[in-house]
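>>> Next input, structure requested:
(2 chains)
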2 protein chains.
Amino acid sequence: MSMPGRKEIEESYRGIQAHICEKIEQTDETGKFISDSWKRAGGGGGLTRVMAEGSVLEKAGVNFSAVEGEVTPMMAKNLGMDARWFFATGVSIVMHPHNPHVPIIHMNIRYFETDKGDYWFGGGIDLTPHYVVENQANYFHRSLKAVCDQFDSNWYAQFKKNADDYFFIPHRDETRGIGGIFYDHLSEDKQHSKSDILKFSLALGRLFPEVYSELINENRDKSFSDSEKEWQKLRRGRYVEFNLVYDRGTRFGLLSNGRTESILMSLPKEANWFYDFQPEKGSEESKTLSLLKKEIDWINA
Amino acid sequence: MSMPGRKEIEESYRGIQAHICEKIEQTDETGKFISDSWKRAGGGGGLTRVMAEGSVLEKAGVNFSAVEGEVTPMMAKNLGMDARWFFATGVSIVMHPHNPHVPIIHMNIRYFETDKGDYWFGGGIDLTPHYVVENQANYFHRSLKAVCDQFDSNWYAQFKKNADDYFFIPHRDETRGIGGIFYDHLSEDKQHSKSDILKFSLALGRLFPEVYSELINENRDKSFSDSEKEWQKLRRGRYVEFNLVYDRGTRFGLLSNGRTESILMSLPKEANWFYDFQPEKGSEESKTLSLLKKEIDWINA
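The predicted structure is shown next:
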């Protein structure tokens, strides 16, 4: 395989979007992703796919974009770039289920290049259970490690630590969920060709519907109480806080005049805030809070 | 009246908090503000007062704080300060009603001083109706102008423009509501003594419960449909977006390790996000959107 160019990467990411939507529709059984294609004024565009009110998924978005154009002062500042032209393509996903026993999931894979001849890949997957279930957290992390290990035996440990640091809400002193992996500025080196790094991101994209379908099927038939639903909405409030206050992609998108509805498709249909909510000691909610910490070894715990 | 010192300002702001809570409880009829007092690790503290599930107000917070201490690098950067010690006191309010025909309201008055001998006042009030009613917007702005005019005939026009610019959501190209007034870095000059500026902020504090009670009583008995309730939750989502993405006080508080629950008491109990919601042409929702613009002259419209 020769060194993949941007058109090839763009098309493979577009394929990943289609694959994920198809597989997740099968798992959901009744929900359908509608398609909304859009153009960017400065160059390029995207295809936003959104499911509302499926059997399992209340609101799910799978966004593909391939944009290019002039590097604005805003981008130069935020990305630390001194190039004049950029190209960026990626797939971005957030899925919010109805049932509080089904976790929220997020994935992003992206590729960036500039007119200076440099390029890099970035991405991540993380899981946000409203109720942490240890063996499911273990399954999720083992699955990510298995993909990482195909490419580099050090990646899982490095990228897991990145995710702990990135998917963290300082003002709550909580991680967003049980983490996952996060990587950025990955380009070829002695160990990895550009083609390998692309393959790694595509392998993550293919893993996504497998892992999430498994987690959906494990939990979709569990019954839940009104107070469990309230807890879910409160946890979704934390998700909103993370995305709007800290998430680099979200903030960069909003502040750089990106397509707002595609960026904010990550927000849940319903989120709640109660003043100073404290779960009861010994409750499942309290146990979950105790597990929203960095540096938990989910594989050997 | 001699030049007011920080203790006097602090006590007068504490009095404004008590006055507002008392008056708003009377208007609400059944809701009560609970009290939560807190200390700040670096110096000072506050009293957070919160009402949940009143007759009219679903969630309302009136926060008083008087904090002091070392200027951290974070503060120096965000506030452009080169002092070593600061003192800050203020009252911050957000009220979210049950009924979508009752508007959301926000007020903040604050005083800041440093060991370099400088000080300034800041503050603002703005109104966020879920449905804009022109004569009520007119009443709100006339009331603010009347208070401003007692101190400076130029202030209303200046501070109204500031509010248009400040309470604006760029990524939605919408103002948060119908604006109001916003001022910052106000200190004595030839026209205004320090005592006058303090009196101005206290006059706003006393105006608050009068104006909001009037707006509550005008709208509290209006019936509303499920779809009007959904629209309210969507507008509350915009409120969350503004506060978490742009509001300087909120972001500074969160990023500088402030008391999270007091800062985020401004968020509504329930907020919704629907992908790419578009109100029907000619609907009341569409009319409201058309009025969420800067530079509307609400007094002479």
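
>>> From residue A:61, how far out is the closest residue to residue A:228 other than its chain neighbours?
Counting by Cβ to Cβ, 6 or more residues apart in numbering or on different chains, residue A:100 is the residue found nearest to residue A:228 once chain neighbours are left out, at 4.8 Å. Any C-beta I mention is one placed from the backbone N, CA and C, and that applies to glycine too. Distance of residue A:100 to residue A:61, computed by Cβ to Cβ, to the nearest Å: 20 Å.

>>> Now do stretch A:160-178, average pLDDT.
Across stretch A:160-178, the average pLDDT comes to 98.

>>> Go through that stretch and flag the buried ones.
Residues of stretch A:160-178 classed as buried by neighbour count (16 or more other Cβ atoms under 10 Å in any protein chain shown): A:160, A:162-164, A:166-169, A:171-172, A:174-178.

>>> Within reach of chain B, which of those residues are there?
Among the buried residues of stretch A:160-178, the residues that sit close to chain B (Cβ under 8 Å from any Cβ of the partner chain) are A:171, A:172.

>>> on that earlier part again, which SSE is the residue nearest to residue A:228 in?
Residue A:100 belongs to no helix or strand when assigned by DSSP states H and E.

>>> so it makes contact with residue A:229?
Yes - taking Cβ atoms under 8 Å as the definition, residue A:100 is a contact partner of residue A:229 at 5.9 Å.

>>> Spatially nearest residue to residue A:268, not counting backbone neighbours?
The spatially closest residue to residue A:268, leaving aside those adjacent along the chain, is residue A:236, at 4.1 Å (Cβ to Cβ, 6+ apart).

>>> Please compute how far the helix or strand hosting that neighbour lies from its chain's middle.
Secondary structure from DSSP H and E places residue A:236 in helix A:226-241. Distance of helix A:226-241 from its chain centroid, counting by Cα atoms, centre = their mean, to the nearest Å, is 18 Å.

>>> List of residues touching it?
By Cβ atoms under 8 Å, 6 or more residues apart in numbering or on different chains, the residues outside helix A:226-241 that reach it are A:96, A:100-101, A:104, A:128, A:130-131, A:169, A:171-172, A:174, A:176, A:267-268, A:270-274, A:277, A:279, A:285, B:240, B:244, B:264, B:267, B:270-271.

>>> Pull out the buried members of these.
A:96, A:100-101, A:104, A:128, A:130-131, A:169, A:171-172, A:174, A:176, A:267-268, A:270-274, A:285, B:240, B:244, B:264, B:267, B:270-271.

>>> In strands, which of those appear?
Residues from these lying in strands, with DSSP state E as the criterion: A:96, A:104, A:128, A:169, A:174, A:270, A:271, A:272, B:270, B:271.

>>> show me the contacts for the one residue in the stretch 101-250 of chain A that gets nearest to chain B.
The nearest approach of the stretch 101-250 of chain A to chain B comes at residue A:244, 3.7 Å away (Cβ to the nearest Cβ). If a contact means Cβ under 8 Å, 6+ apart, then residue A:244 has A:250, A:251, B:240, B:241, B:244, B:245 as its contacts.

>>> change it to 6 Å
Contacts for residue A:244 (Cβ atoms under 6 Å, 6 or more residues apart in numbering or on different chains) come out as B:244, B:245.

>>> how much space is there between it and residue B:71?
Distance, residue A:244 to residue B:71, by Cβ to Cβ: 27 Å.

>>> Measure how buried residue A:275 is and give me the count.
Residue A:275: 19 surrounding residues under other Cβ atoms under 10 Å in any protein chain shown.

>>> what's it in contact with, if anything?
Residues in contact with residue A:275, defined by Cβ under 6 Å, 6+ apart, are B:50, B:265.

>>> The residue of the stretch 1-150 of chain A found nearest chain B in helix, strand or coil?
Going by Cβ to the nearest Cβ, chain B is nearest to residue A:50 of the stretch 1-150 of chain A, at 4.7 Å. At residue A:50 the chain is in strand, as set by DSSP: H, G, I helix; E, B strand; the rest coil.

>>> To what extent is it buried, counted in neighbours?
Neighbour count of residue A:50, defined by other Cβ under 10 Å: 21.

>>> And the pLDDT for it?
Turning to residue A:50, the model gives it a pLDDT of 98.

>>> again, but for the one 4 residues further on
Reported pLDDT at residue A:54 in the predicted model: 98.

>>> how about the nearest residue to it, chain neighbours excluded?
Leaving aside its chain neighbours, residue A:54 sits nearest to residue A:31 (2.1 Å; criterion: Cβ to Cβ, 6+ apart).

>>> Just to be sure, the one you found is in a strand?
No - judged by three-state DSSP, residue A:31 forms no part of a strand; its state is coil.

>>> Touching, it and residue A:56? I think so.
No - if you go by Cβ atoms under 6 Å, residue A:31 and residue A:56 don't touch, sitting 7.3 Å apart.

>>> who in the stretch 151-300 of chain A is up against chain B?
A:171, A:244-245, A:254, A:260-261, A:265, A:267, A:269-273, A:275-276 (Cβ under 6 Å from any Cβ of the partner chain).

>>> Let's see that with 7 Å instead.
A:171-172, A:240-241, A:244-245, A:254, A:260-261, A:264-265, A:267-276 (Cβ under 7 Å from any Cβ of the partner chain).

>>> what about the closest residue to residue A:39 other than its chain neighbours, neighbour count?
Spatial nearest neighbour of residue A:39, chain neighbours left out: residue A:45 (4.1 Å); criterion: Cβ to Cβ, 6+ apart. Residue A:45: 15 surrounding residues under other Cβ under 10 Å.

>>> Residue A:45: helix or strand, and which one exactly?
strand A:44-52.

>>> so where do the strands sit in the stretch 1-150 of chain A?
In order along the chain, the stretch 1-150 of chain A carries the following strands (DSSP state E, counting those that start in this stretch): A:34-39, A:44-52, A:57-70, A:85-97, A:104-114, A:119-128.

>>> If we go by neighbour counts, what in the second one is buried?
To tie it back to what came earlier, the one meant is strand A:44-52. The neighbour-count check on strand A:44-52 (16+ other Cβ under 10 Å) flags A:44, A:46, A:47, A:48, A:49, A:50, A:51, A:52 as buried.

>>> so what's the last one bridging to?
According to DSSP bridges, the residues that bridge with residue A:52 are residue A:59.

>>> before we move on, what about the fourth one?
Counting by DSSP bridges, residue A:48 is bridged to residue A:36, residue A:63.

>>> pretty sure it contacts residue A:60?
No - using Cβ atoms under 7 Å, residue A:48 is not in contact with residue A:60, being 11.5 Å away.

>>> for the stretch 51-200 of chain A, what are the low-confidence residue spans?
Across the stretch 51-200 of chain A, nothing is flagged by pLDDT under 70.

>>> Measure how buried residue A:90 is and give me the count.
Number of residues near residue A:90 (other Cβ under 10 Å) recorded here: 25.

>>> quick one, what contacts it?
The neighbours of residue A:90, taking Cβ atoms under 7 Å, 6 or more residues apart in numbering or on different chains as the test, are A:13, A:65, A:108, A:109, A:110, A:111.
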